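Undergrad: fold the stuff below for me.
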Amino acid sequence: MPSERTGTVYLVGAGPGDPELLTLKGRRVLAQADCVLFDHLASPTLLDHAPAAAERIYVGKKKSDHARSQDEICRLMVERARAGRTVVRLKGGDPLIFGRGGEELEALAEAGVPFEVVPGVTTPLGIAAYSGVPLTHREHTSAVTFVTGHDVDRIDWGRVGASETVVVFMGLTSVAAVARALIENGRSAETPAMAVRWATRPDQETITGTLGDIASRVAEAAMKPPATIVIGEVVRLHSRFNWWERLPLFGRRVVITRDRSQAGVLAERLHALGADVIEFPVIEIRPPADPAPLDRAIAELESYDWLIFTSANGVRCFMDRLDASGRDLRALRAKLCTIGPATRRAVEALHLKVDLMPAEYVAEGLVAAFAGEALAGLRILLPRAAVARDVVPVELGKCGARVDVVEAYRTVPPDDAAARAREIFGSGRPIDFVTFTSSSTVTNFVAAAGRAALDGVRAVSIGPVTSATLRKAGVEPAAQASPFTIDGLVEALMRVNRTDAV
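TA: Residues are numbered from 1 along each chain as shown. Sure, this is the predicted structure:
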C-alpha cells in the first residue's frame, strides 16, 4: 500500500573520487537514506555512511555501458519517494555540472516529488587541488571555461578557445578532435595541456604535453576513461605544485586485514600518505559463545585485586557485559593493567587511571612488568579473546596469583571472506603490502585467500607473535612494527617503502 507521505529525493555530489571530499551535509543525508542510487564515479566507500538496511542500487554509466537508462533512473527515484522513502541520488562530482542533474530535477518537479540538491566538489576543482594546477592564477589566467567532450562538432570552439583555461569533461576519447578544433580556431599548438584520470584517487594518472601532442601522448600511454583535459598556461605549474603524487605511499596498494570496526585509524593514516587502501577484514569481533563465566566474574568484581586488559576489544566487550548486568564501575576496586597505548586509551576513556603498562606490548612484556609486584594470594581477572596464548595466566600463576581467564569476545572469519579474497586478489591488479595486526589475522587470511596470495607481496607485522605466525605459514615478514602499535606498523611499512625507492 503506498505511503501517505511522499519522501524526499536528495541529489548529492559525491566529489571527484577521494571519499574524504564528501561534504558534511552529504554524509548526514546518506546516514538518513532508505535508498541510495549511486553512480560509477562515486566512491563505493561512501555507501558505508548509509544505514545497513538501506537499499543500494547501482545506476552507473560508462561509455556504451549504462546499467540503467536515464528514464529508468528518474522512474526509480520517483517510485521510491512516492513510497515514502528518503532517496539519495549519489552522483560523481557535482550533480549540476555535466551530471544530468538538471534532467533529474525536471523529472522530480514534474512528478511533484520534494527534492534538495547537495553540491559536491566538481572534478576540475579536484584536479586543481590534487595535481597542483590552479585553474585561475593572477599571472596566467582570469577566465575558465568548462566544456563537454561529447558532440565536438556542435561546440563553438572559436568562443571556447578564447578562454585562457579550458577544461574538457569526458574528453579523453575526443581529445584529438578537441585539440585540432582549438588549433584551427587560433589556439597555439604549444599551449600546455594535460589529461588526468581518476583525479584525487591514489591511482590518479597524469599526462602532460601541449595542445599539439597531448592526443599522441594519451594514445602512447593507453590512458582510458574517465579522464579530464585541462588546457592553458596554468598547466605549467603542475611540476611545481604537484603535492599529491609526491606523497610517500602514493599509488601503493595496501591491504588491511583488521576487523571492519577497527580498520578506520590505520586506513586514515595510510590514505593520508597517499596509499590506495583496500579493506579486507579477515576477523570479526563477536560476543563470547557463553557469557556466563564473564557474568560471574562481574558479579564478584569487588573481589579482584587486578584487572588486566590485553586489547581495546577486551575493554569494550567487558563494558558491554557490565552494562548488561545490574552493576557498574563503582564495584571495581582492582588495579588496572593494559598491554599497550590503544588499550590504555580505551580504559582512560572511561575516566579510569591505568596503574601498570609494560614497556613491550606483548604477553612476555606484561609478565615482566609484574616482576616488582607481590602477587601471592591476589586475584586477577583477565577478560580476553576466546583463543589466546597462555603466557600471562601461567607465569602470573607461578607467582602465587589466582588468575581467572574469561572469554570476553571471539574473533571469527567473516562469512564473505573467501569471496572478498577472490575480488581483491583475482582482479589482476598487483598488491604492494598486506598488514597483519594479530596472529588470527594471519591464520584467517591464509584460510580465505590462500598462502599463494602473499607471493610477491610484502607482509608487514605488528609484532613478534604475529611475525612468528607468518613464518609458520611460510611467509617471511618484510618488516615488523617497533613499537608494537598501529603507529609502529605504519612506520615499518614506510621503512620498507623507502628501501624500495632507493
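Undergrad: tell me which residues in stretch 189-196 are buried?
TA: 191, 192, 193, 194, 195, 196 (16 or more other Cβ atoms under 10 Å). C-beta here means a position set from N, CA and C on the backbone, and glycine is covered the same way.
Undergrad: name the SS class of the third one, please.
TA: Assigned state for residue 193: strand (three-state reduction, DSSP: H, G, I helix; E, B strand; the rest coil).
Undergrad: and the pLDDT at it?
TA: pLDDT recorded at residue 193 is 97.
Undergrad: show me where the stretch 101-250 of the chain has its strands.
TA: 115-118, 144-148, 165-169, 192-197, 205-210, 227-231 (DSSP state E, counting those that start in this stretch).
Undergrad: let's have these in TSV, adding distance to residue 38.
TA: Formatted as TSV, the strands of the stretch 101-250 of the chain follow (distance: least, Cβ to Cβ, whole Å):
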stretch	distance to residue 38
strand 115-118	14
strand 144-148	22
strand 165-169	19
strand 192-197	20
strand 205-210	23
strand 227-231	20
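Undergrad: okay, now the unreliable bits of the stretch 1-150 of the chain?
TA: The model of the stretch 1-150 of the chain has pLDDT under 70 over residues 1-4, 62-66.
Undergrad: picking up where we left off before, okay, the strands of the stretch 101-250 of the chain, which one's buried deepest?
TA: Mean neighbour count (mean count of other Cβ atoms under 10 Å) peaks for strand 227-231 among these, with a mean of 27.
Undergrad: what is that strand packed up against?
TA: helix 123-131, strand 165-169, helix 175-184, strand 192-197 (3 or more Cβ pairs under 8 Å, 6 or more residues apart in numbering; DSSP states H and E).
Undergrad: what angle do it and strand 144-148 make?
TA: Taking axes from the mean of the first three to the mean of the last three Cα atoms, to 10 degrees, one finds that strand 227-231 is oriented at 140 degrees with respect to strand 144-148.
Undergrad: could you export the buried residues of stretch 189-196 as TSV, including distance to residue 296?
TA: TSV is the format used below for those (distance: Cβ to Cβ, whole Å):
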residue	distance to residue 296
191	78
192	73
193	72
194	67
195	66
196	62
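Undergrad: count the neighbours of residue 137 for me.
TA: 16 (other Cβ atoms under 10 Å).
Undergrad: surely it touches residue 234?
TA: Yes - if you go by Cβ atoms under 8 Å, residue 137 and residue 234 touch, sitting 5.4 Å apart.
Undergrad: which parts of the stretch 251-400 of the chain are helices?
TA: 263-272, 292-299, 312-324, 341-348, 363-369, 391-398 (DSSP state H, counting those that start in this stretch).
Undergrad: how about the ones you listed in JSON lines, adding mean neighbour count?
TA: Converted to JSON lines, the helices of the stretch 251-400 of the chain look like this (neighbours: other Cβ atoms under 10 Å):
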{"stretch": "helix 263-272", "mean neighbour count": "17"}
{"stretch": "helix 292-299", "mean neighbour count": "16"}
{"stretch": "helix 312-324", "mean neighbour count": "19"}
{"stretch": "helix 341-348", "mean neighbour count": "19"}
{"stretch": "helix 363-369", "mean neighbour count": "18"}
{"stretch": "helix 391-398", "mean neighbour count": "17"}
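Undergrad: looking at the ones you listed, which is nearest to residue 418?
TA: Of all these, it is helix 263-272 that lies closest to residue 418, at 18.8 Å by Cβ to Cβ.
Undergrad: could I have the closest one exported to CSV, CA atoms only?
TA: Output of helix 263-272 as CSV, limited to C-alpha atoms (Å, rounded to 0.1, in the frame of the first residue of the first chain):
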residue,chain,number,x,y,z
ALA,A,263,40.3,-0.5,10.4
GLY,A,264,39.5,3.2,10.3
VAL,A,265,42.5,4.6,12.2
LEU,A,266,45.0,2.6,10.1
ALA,A,267,43.2,3.3,6.9
GLU,A,268,43.2,7.0,7.5
ARG,A,269,46.9,7.1,8.4
LEU,A,270,47.8,5.2,5.2
HIS,A,271,45.4,7.2,3.0
ALA,A,272,46.9,10.4,4.3
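Undergrad: that one versus helix 341-348: what angle between them?
TA: 130 degrees.
Undergrad: sorry, back to before: need the helices of the stretch 251-400 of the chain in a markdown table (columns: mean pLDDT and distance to residue 279).
TA: Putting these into a markdown table (pLDDT from 0 to 100; distance: least, Cβ to Cβ, whole Å) gives the following:
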| stretch | mean pLDDT | distance to residue 279 |
| --- | --- | --- |
| helix 263-272 | 92 | 5 |
| helix 292-299 | 96 | 29 |
| helix 312-324 | 95 | 17 |
| helix 341-348 | 94 | 18 |
| helix 363-369 | 88 | 28 |
| helix 391-398 | 90 | 31 |
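Undergrad: need these in TSV with distance to residue 9, can you?
TA: Formatted as TSV, these follow (distance: least, Cβ to Cβ, whole Å):
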stretch	distance to residue 9
helix 263-272	30
helix 292-299	47
helix 312-324	38
helix 341-348	41
helix 363-369	55
helix 391-398	56
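Undergrad: and of those helices, who's closest to residue 171?
TA: Comparing those under Cβ to Cβ, the one sitting nearest is helix 263-272, at 28.3 Å.
Undergrad: what helices or strands is the closest one leaning on?
TA: Counting by 3+ Cβ pairs under 8 Å, 6+ apart, helix 263-272 packs on strand 253-256, strand 276-279, helix 486-501.
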